[in-house]
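Visitor: The sequence and its predicted three-dimensional model are supplied below.
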Amino acid sequence: EEEHYVLTILEMLNFDEVSFFNNLINHLSYYGLPVAAPRLTADGMTSTIFCGKPTLLVPLIDGAHVHRPDINECRAIGKALGELHDASASYDLTRANPYSLKWMRTSIGDLEDQLNADDTHLLRSAADALESLQGIGLPEGVIHGDLFRDNVLFHEGELSALLDFYHACADYLMQDVAITINDWCSNEDGTISEDLKTALLDAYASERQPSRVELDALPTLLQTAAARFLLTRLQSGGLKDPAEFKRILAYHST
């Protein structure tokens, strides 16, 4: 049977970082998650060098992105995220969170001349909310960090692939859930569908049951997740429209 592969050249990562991500993907593959694990080179490495850049070969997985998720698709992504957190708990490498509280406060300061007073207030409030979660015992682990619809494939009604682990890092596990809810369960006006959110959370809990502390913190984490992506979109210089996350952040801040 013919197999197809994708050759990926990583422009923004060094070889130490690539090792963390590739080993994580292989770890998740070992535990049965639908990920595109890099093929090993002849000498057993997960990447090689092309034009001085880390380069890897991954299998091409059939599927397409979901544009307007339904209940079943939200259940599928919730279940997969629970499985991911279960599996990553036994992964013994870690990577510092590039989107820490310090990063958030620094980014707000750097972008202040681009922000109106309302946006600045919303973002500072989100940073304060994130600070309020420190020390309350929220479970941490390696999270995906970017499990948006464009990083997931479905094929013939089934979830076929989780993609793009290059934002994976150590963070609150429920921050990963919040990031996912904000993308998969949002309406075009920035509100969140409670039906889709409930479906996602119930399916997540079928694989990993969140604690009461985590569930109580979820409204705050939805706010901080929206702030994170508003900031990164503002920092991208217009590559992605920040308006979507302005709406979501405003919704979570009321």
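Guide: It's in.
Visitor: use CA for all of it now, contacts and neighbours both
Guide: Fine.
Visitor: in the stretch 101-250 of the chain, which ranges drop under the pLDDT threshold?
Guide: By pLDDT under 70, the low-scoring segments of the stretch 101-250 of the chain are 238.
Visitor: Would you map the strands across it?
Guide: All strands of the stretch 101-250 of the chain, identified by DSSP state E, counting those that start in this stretch, fall at 140-143, 152-155, 158-162, 169-172.
Visitor: packing partners for the first one?
Guide: In this case it means strand 140-143. helix 71-88, strand 169-172, helix 173-184 (3 or more C-alpha pairs under 8 Å, 6 or more residues apart in numbering; DSSP states H and E).
Visitor: Just the buried residues of that strand, please?
Guide: For strand 140-143, burial by neighbour count (16 or more other C-alpha atoms under 10 Å) applies to Gly141, Val142, Ile143.
Visitor: Relative to it, what are the paired strands and their orientations?
Guide: Strand pairing for strand 140-143, determined by DSSP bridges: strand 169-172 (antiparallel).
Visitor: How about residues contacting stretch 17-31?
Guide: Residues outside stretch 17-31 that contact it (C-alpha atoms under 8 Å, 6 or more residues apart in numbering) are 35-38, 46-47, 54, 84, 87-88, 91, 93-95, 165-166, 168.
Visitor: Tell me which entries of those residues lie within helices.
Guide: Mapping the contacts of stretch 17-31 onto helices (DSSP state H) picks out Leu84, Ala87, Ser88.
Visitor: Among these, which one is most surrounded by other residues?
Guide: The most neighbours of any of the ones in helices among the contacts of stretch 17-31, using other C-alpha atoms under 10 Å, belong to Leu84, which has 24 neighbours.
Visitor: Ala243 is in contact with Leu234, correct?
Guide: No - using C-alpha atoms under 8 Å, Leu234 is not in contact with Ala243; the gap is 9.5 Å.
Visitor: who has more neighbours, the two?
Guide: Leu234 (19 against 13).
Visitor: and the gap between the more buried one and Arg75?
Guide: Distance of Leu234 to Arg75, computed by C-alpha to C-alpha, to the nearest Å: 31 Å.
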